[in-house]
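*Asks:* No sequence on hand, only this structure:
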């Protein structure tokens, strides 16, 4: 997978974060193995990279003062109203060492049950996985076109690359297809007649 | 209508509506949500009116999540009463909503239909809102 590019520079901690934001930067930290560096990245670069929300499962080539590092977004803070990125946590990736991150689940295709009048209900929108950085994917695409009314898709049904592991207790449901409340009430009314 | 089952304090102080919402600021359950942009108190009647407006528009074809709860009692003194003689009676319950809070979420139906339903719900509420989509 092609990696995204981002330029950063060291942050002077004497300058307040609010002032940095006014200047068009986003304060950030980069860490791993107990070593932390305070950095700042251009807001316009971050907005361009994550046009549809910050993605925590994409590897980024971070150029920090002439030195290249491979990182991914470990955590982020958004403004409650404007939803602008206020702060980013980057995690330094060591190839050959597994990383733990959140991967979004995207359902593709129109389920057979939905065509028949059912309602698709998605309970889980992301999973926590442990994976080698080289296998990391931006999202997990699941084809649901075969699902009928009453079918449930569980976490264990996901197909992951070799060596990857889901870090979730039990086997939670990802989605299911139920009858719509409207169809159920119509059926009840017919039964009462 | 929504109301708390029991209360720790029957007649709380009025309080102030300062600052931004701390939690519940992202769409967590559904696909689209209604976010508060200004602060106000939302009564249990207003929440119910918004819920009914939404459900009628989607004709029970979608799932709705209500992310606010009217847990705060509001007292009022009867009309034409002189001041004093203690605090008034509890009249209704409100949810204190600060900017950023996701108040309603919808999922499981056509997005355009759900957005229309949320716009109808927004018309029943005493604050400025915006419609937001799930980030991931």
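*Replies:* Ah, there it is. Computed from a predicted structure; not experimentally measured. Residues are numbered from 1 along each chain as shown, chains lettered A, B, ... in the order given.

*Asks:* Please enumerate the helices of the chain.
*Replies:* I went with chain A, as the question did not name one. Secondary structure of chain A (DSSP state H): helices at A:17-22, A:43-49, A:112-115, A:181-192.

*Asks:* Can you look at chain B instead?
*Replies:* B:44-58, B:111-122.

*Asks:* can you redo those as TSV with mean pLDDT?
*Replies:* Shown next, in TSV, are the helices of chain B (pLDDT from 0 to 100):
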stretch	mean pLDDT
helix B:44-58	95
helix B:111-122	95
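
*Asks:* Distance to chain A and mean neighbour count added to the ones you listed, as TSV?
*Replies:* Backbone N, C-alpha and C define where each C-beta goes, glycine included. Formatted as TSV, the helices of chain B follow (distance: least, C-beta to the nearest C-beta, whole Å; neighbours: other C-beta atoms under 10 Å in any protein chain shown):
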stretch	distance to chain A	mean neighbour count
helix B:44-58	9	18
helix B:111-122	12	19
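
*Asks:* which of the helices of chain A is buried the deepest?
*Replies:* helix A:112-115 (a mean of 16; mean count of other C-beta atoms under 10 Å in any protein chain shown).

*Asks:* shaky segments in the chain?
*Replies:* As the question left the chain open, I've gone with chain A. A:1-2, A:181-186, A:193 (pLDDT under 70).

*Asks:* right idea, wrong chain: chain B
*Replies:* The model of chain B has pLDDT under 70 over residues B:60, B:136.

*Asks:* give the contact list for the residue of chain A found nearest chain B.
*Replies:* For chain A, the residue closest to chain B is residue A:80, as judged by C-beta to the nearest C-beta, at 2.6 Å. The contact partners of residue A:80, by C-beta atoms under 8 Å, 6 or more residues apart in numbering or on different chains, come to B:20-22, B:25, B:99-101.

*Asks:* Of the residues you listed, which is the most crowded?
*Replies:* residue B:101 (27 neighbours; other C-beta atoms under 10 Å in any protein chain shown).

*Asks:* Tell me what the residue lying closest to residue A:32 once chain neighbours are set aside is bridged to.
*Replies:* Excluding the flanking residues, the one nearest residue A:32 by C-beta to C-beta, 6 or more residues apart in numbering or on different chains is residue A:92, at 3.6 Å. Under DSSP bridges, the beta-bridge partners of residue A:92 are residue A:71.

*Asks:* swap in residue B:63?
*Replies:* With DSSP bridges as the rule, residue B:63 is bridged to residue B:107.

*Asks:* ok, now which ones touch it?
*Replies:* Applying C-beta under 8 Å, 6+ apart, the residues near residue B:63 are A:119, A:121, B:30, B:106-108.

*Asks:* Just among these, which is most surrounded?
*Replies:* Among the contacts of residue B:63, the one with the most neighbours (other C-beta under 10 Å) is residue B:106, at 27 neighbours.

*Asks:* List the residues that contact the spatially closest residue to that one that is not a sequence neighbour.
*Replies:* Among residues not flanking residue B:106 along the chain, residue B:114 sits closest, at 4.3 Å (C-beta to C-beta, 6+ apart). Residue B:114 is in contact with B:30-32, B:58, B:62, B:106-107, counting by C-beta under 8 Å, 6+ apart.

*Asks:* got the residues of chain B near chain A?
*Replies:* Counting by C-beta under 8 Å from any C-beta of the partner chain, chain B comes close to chain A at B:20-22, B:25-26, B:35, B:37, B:59-63, B:99-101, B:107-109, B:132, B:134-136.

*Asks:* Which single residue of chain B ends up nearest chain A?
*Replies:* For chain B, C-beta to the nearest C-beta, closest residue to chain A: residue B:100, 2.6 Å.

*Asks:* how many other residues sit next to the closest residue to residue A:167 other than its chain neighbours?
*Replies:* Among residues not flanking residue A:167 along the chain, residue A:128 sits closest, at 4.5 Å (C-beta to C-beta, 6+ apart). Residues near residue A:128, counting by other C-beta under 10 Å, number 12.

*Asks:* what residues does chain A put near chain B?
*Replies:* Within reach of chain B by C-beta under 8 Å from any C-beta, chain A has these residues: A:52-55, A:78-81, A:83, A:104, A:119-122, A:125-126, A:180-182, A:185.

*Asks:* now these: which count as buried?
*Replies:* For the residues of chain A next to chain B, a neighbour count by 16 or more other C-beta atoms under 10 Å in any protein chain shown gives the buried set as A:53-55, A:78, A:80-81, A:83, A:104, A:119-122, A:125, A:180-181.

*Asks:* OK, contacts around the nearest residue to residue A:47 once chain neighbours are set aside?
*Replies:* Of all residues not flanking residue A:47 in the chain, residue A:85 sits nearest, at 7.6 Å (C-beta to C-beta, 6+ apart). By C-beta under 8 Å, 6+ apart, residue A:85 lies in contact with A:26, A:43, A:46-47, A:50, A:54, A:76-78.

*Asks:* Most widely separated two among those residues?
*Replies:* Based on C-beta to C-beta, the longest span within the contacts of residue A:85 runs between A:47 and A:77 and measures 15.0 Å.

*Asks:* Select the longest strand from chain B.
*Replies:* Determined from DSSP state E, the single longest strand within chain B is strand B:89-97.
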